[in-house]
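**Q** after the sequence you'll find the predicted model.
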Amino acid sequence: MTDSKAVSDSGLTVSDLTQEVKDVELNSAGEIDSGSDSNKEAQTAEKKKKKKKKKKSKKKAIAQTDPPTIPITKLYPDNNFPEGEIQEYGKDFTMKTIFNKEEIKRKEKNEDNFQALNDMRRAAEVHRQVRKVAQEYIKPGRTMTSIAETIENTTRLLVEEKGFEAGIGFPTGLSINHVAAHYTPNAGDNLVLSEQDVLKVDFGVHVNGRIIDSAFTMTFDPKYDNLVKAVQDATNTGIKAAGIDVRLTDIGEQIEEVMESYEIELNGKTYPIKCVRNLCGHNIAPYVIHSGKSVPIIKNGDNTKMEENEVFAIETFGTTGRGHVIEEGVCSHYAKNADLTPQQIGRIPLRIPRAKTLLNSITKNFGTLPFCRRYLDRIGEDKYLLGLKNLVDSGVVQAYPPLVDIPGSYVAQFEHTIVLRPTCKEVISRGDDY
């Protein structure tokens, strides 16, 4: 076969000749005369003009504003949201699945599984954009209330808050120094962030009850760098260790080994960095932030295994203190007891009438999602403290007071949400920041 680029006697290629034939055919149909140079130029100009018109008709991709004001669904109109970081399982798992490829493919294509995953990806993209705002906004001198409201209002905007379809996953945690978790400001709290504080920022986003739970630590003095590095390293170790059929105690053992390999010098004294032994990661279920299994951050002998399609929050806490927290301080975090059915709740006597109306409001607005006092204020509830206490005392609502190590110590935290997909694990909340 003759190559299409072979040269003819006239010095033209076969392609050139073919084009001439086409031009003559056009001319016989009353189109541009291909033999005229001026007509050739006109033809070329006309083609360019058409190309330009086509380019103009293309719609520009929507870009996020700075600060972000455009809901995430408007940035991804096809509703396919960004995939998280993909991590492969170990070689042992790969060998187990090699004979079951068809079943795995079927599971990966399962519509319900994909929809749940896509909801989490949407929530995760909201989380990434909100925390970027938070990281720029948070500075010494800001009040805890202004920080919490900035995070929450941005979340509501970007996720397009709509009842149980989309919104805040749980109250914004802004725990400082020896307070490890479960602090958010109540109304009238004027606590101000200082330059010497170690701040844990822990907030959640949900879409159709699929909660993204992710946290990071901010400091403003480089002397805390080793503490932050230790906890981030430990969390990433836990993520790497997690997987289908992995025993929970084995994950804790690896986290503990990495965390406690670090130390920190503060004011001329060296402190070992310890795991907070009685804090851990956890399962996440639809509309339930703490569900079923706990992921330890020390070797604890729990031989329970992780399973396919489970969602986990892998979080670690490192401290310069004793490595054990207790409940202390004014409570701000609450959640309706997810273990009780409506029938069981209906049989529990509530001695204060206000408790009944408050319970109806909690059920209507939050369901089993955690809430705080500021959220009750926001929906118009007032004079509710006695009723809330009655709900807690009766076990209908659970209280989550601040968790603290010894005063003078410093606690750091990092956390990501992961999904154990059939063929890989996806770190849904991973971003460029952590």
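**A** Nice, thanks for sending it over. Residues are numbered from 1 along each chain as shown.

**Q** run through the bridge partners of the nearest residue to residue 328 once chain neighbours are set aside.
**A** Sequence neighbours aside, residue 404 is the residue nearest to residue 328 in space, at 4.8 Å (criterion: Cβ to Cβ, 6 or more residues apart in numbering). C-betas here are computed from N, CA, C, even on glycine. Following DSSP bridges, residue 404 is listed with bridge partners residue 179, residue 326.

**Q** quick one: residue 404 from residue 200, how far?
**A** Using Cβ to Cβ, to the nearest Å, one gets 12 Å for the distance from residue 404 to residue 200.

**Q** who touches both of those two?
**A** Jointly contacting residue 404 and residue 200 under the rule Cβ atoms under 8 Å, 6 or more residues apart in numbering are residue 180.

**Q** related to what we said a few turns ago, hmm, the residue nearest to residue 328 is touching residue 177, no?
**A** No - applying Cβ atoms under 8 Å, one finds residue 404 not in contact with residue 177, separated by 9.1 Å.

**Q** which regions of this protein lie under the pLDDT threshold?
**A** Residue ranges of the chain with pLDDT under 70: 1-61, 92-109.

**Q** could you rerun that using 80?
**A** Residues of the chain meeting the criterion pLDDT under 80: 1-61, 91-112.

**Q** how is it divided into domains?
**A** Taking automatic domain parsing as the reference, the chain has its domains at 72-330+402-427, 336-399.

**Q** need those domains in a markdown table (columns: distance to residue 66 and mean neighbour count).
**A** Listed next are the domains of the chain as a markdown table, based on distance: least, Cβ to Cβ, whole Å; neighbours: other Cβ atoms under 10 Å:
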| stretch | distance to residue 66 | mean neighbour count |
| --- | --- | --- |
| domain 72-330+402-427 | 9 | 19 |
| domain 336-399 | 27 | 16 |
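
**Q** I'd like those domains as TSV, with distance to residue 62 appended.
**A** Formatted as TSV, these follow (distance: least, Cβ to Cβ, whole Å):
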stretch	distance to residue 62
domain 72-330+402-427	6
domain 336-399	30
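
**Q** and residue 433, which of those is closest to it?
**A** Proximity to residue 433, assessed across those by Cβ to Cβ, is greatest for domain 72-330+402-427 (6.8 Å).

**Q** for that closest one, measure first residue to last.
**A** Across its full length, domain 72-330+402-427 reaches 19 Å between end residues, using Cα to Cα, to the nearest Å.

**Q** roughly how far out does that domain sit from the chain middle?
**A** From the chain centre to the centre of domain 72-330+402-427 is a distance of 8 Å (Cα atoms, centre = their mean, to the nearest Å).

**Q** good, we can wrap up now.
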